[in-house]
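A.B. asks: The amino acid sequence is not available; the structure is as follows:
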């Protein structure tokens, strides 16, 4: 589970880095520019948080956990092989015991019947040679039965020895398995504790950066930014002045009437008339 989470954390950090690396057309001046830079740095903080967190988890948790599991797997295989060997030895001893017991019972039954025949022959009127033959067969059968009994007892003793070794070995195996399980549980507890310690530490660092960014956002001031913009973009140009009415008389005076062969009286009357007309018109010009 931690390995899967770490994989997704690593992928997420790469995604945050890609967002941070995008080319933004941001306002670069004033408090709004600082706020937008803080917004962009938020993604870099996320990238750092998940990137560094995934590295720390890999180094301090996943790699040690992998080594522990490999070691325990190796030890577990040895313990398992010991269990199988104990089981095999015990099964072989029991199988041999059952065979020895069966052989003993067969030979003992045969000896019993041969002895019965010998005793009956003693009481019968058969020839002595026949009685001796029954006795010889009975003696041989008893000898074989006795040998089979010895083998049966030997197999029984051996089986009990193997049984004791099997029981002691099983106890040892179970104890060793318990030690492995205790080690795994204790290790798991420690790595979970370490996971939350690392996560909390990184989270606090990320939270601090986020709070700093938030404070930067709160510093955005519309009036200051506008004043800054004006200061940086002012041209010191003077606003245009009041547009004045220009009387036509100026143009009349500048006309070179003298270049024309008009009578002086005609020129005078035209000028006076136009001056009088346009000067009255200028009275109605809205200023």
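C.D. replies: Arrived safely, thanks for sending. Computed from a predicted model, the values in this text were never measured in an experiment. Residues are numbered from 1 along each chain as shown.

A.B. asks: And the pLDDT at residue 242?
C.D. replies: pLDDT for residue 242: 77.

A.B. asks: does it count as helix, strand or coil?
C.D. replies: Classification of residue 242 using DSSP: H, G, I helix; E, B strand; the rest coil returns coil.

A.B. asks: And for the one 3 residues further on?
C.D. replies: Taken by three-state DSSP, the conformation at residue 245 corresponds to coil.

A.B. asks: Tell me how far it lies from residue 119.
C.D. replies: 169 Å (C-beta to C-beta, to the nearest Å). Yep, even glycine has a C-beta here, placed from its N, CA and C like the rest.

A.B. asks: for residue 195, same thing?
C.D. replies: Distance from residue 195 to residue 119, by C-beta to C-beta: 86 Å.

A.B. asks: Compare the two and say which is more crowded by neighbours.
C.D. replies: A count of neighbours by other C-beta atoms under 10 Å puts residue 195 above the other of residue 195 and residue 119, at 18 against 13.

A.B. asks: how about low-confidence regions in the stretch 51-200 of the chain?
C.D. replies: Residue ranges of the stretch 51-200 of the chain with pLDDT under 70: none are present.

A.B. asks: Neighbours of residue 143, how many?
C.D. replies: By other C-beta under 10 Å, neighbour count at residue 143 equals 12.

A.B. asks: domain ranges for this structure?
C.D. replies: Residue ranges for the domains of the chain, per automatic domain parsing: 2-231, 245-284.

A.B. asks: any idea where the helices of the protein begin and end?
C.D. replies: 2-21, 30-57, 63-123, 128-218, 222-233, 248-254, 264-281 (DSSP state H).

A.B. asks: Can I get those in a markdown table including distance to residue 241?
C.D. replies: What follows is the helices of the chain, written out as a markdown table (distance: least, C-beta to C-beta, whole Å):
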| stretch | distance to residue 241 |
| --- | --- |
| helix 2-21 | 53 |
| helix 30-57 | 33 |
| helix 63-123 | 80 |
| helix 128-218 | 45 |
| helix 222-233 | 22 |
| helix 248-254 | 18 |
| helix 264-281 | 22 |
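
A.B. asks: Could you look over those and pick the most buried one?
C.D. replies: Most buried of those, by mean neighbour count (mean count of other C-beta atoms under 10 Å): helix 30-57, with a mean of 18.

A.B. asks: Please report the distance of residue 160 from residue 97.
C.D. replies: 9 Å.

A.B. asks: err, residue 106, not the other one
C.D. replies: For residue 106, the distance to residue 97 - C-beta to C-beta - is 15 Å.

A.B. asks: next one: residue 68
C.D. replies: Residue 68 sits 43 Å away from residue 97, taking C-beta to C-beta as the criterion.
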